[in-house]
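Structure for the following, please:
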Amino acid sequence: MRETILLQDLKTDSFSSTILKKAQSLTGITNLNLDTKSNKLSFDYATHNAYEGLRILLKDLGYAFVEGSSDMYK
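Below is the predicted model:
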């Protein structure tokens, strides 16, 4: 499934590089695209667990989802 979320506090391309490197290592997360101008991260996920793993990884890195930006919990 495809998802696009807004991230808080995305500041520079070096931050986006870190996010992409870490997220690409997660099983079940593919086709990552990070737009630093709009603070949007788009990705495909295979399972709910993969999605949650990415959410936790981003939170641990200091980049929380903007509340309500994901359709996953609506």
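
Can you show me the strands along this structure?
For the chain, strands defined by DSSP state E occupy the ranges 2-6, 29-35, 40-45.

Residues in contact with the longest one: which ones?
Spelled out, it's strand 29-35. 2, 10, 16, 19-20, 23-24, 40-46, 50-51, 53-54 (Cβ atoms under 8 Å, 6 or more residues apart in numbering). C-beta coordinates here come from the backbone N, C-alpha and C atoms, glycine included.

Pull up the per-residue confidence for residue 14.
Among the per-residue scores, residue 14 shows a pLDDT of 67.

Buried ones in the longest helix along the chain, by neighbour count?
Longest helix in the chain by number of residues (criterion: DSSP state H): helix 48-61. Using 16 or more other Cβ atoms under 10 Å as the test for burial, helix 48-61 gives 50-51, 53-54, 57-58.

Just the mean pLDDT for that helix, thanks.
pLDDT averaged over helix 48-61 gives 93.

just checking, what packs against that helix?
For helix 48-61, the elements it packs on are helix 13-24, strand 29-35, strand 40-45, judged by 3 or more Cβ pairs under 8 Å, 6 or more residues apart in numbering; DSSP states H and E.
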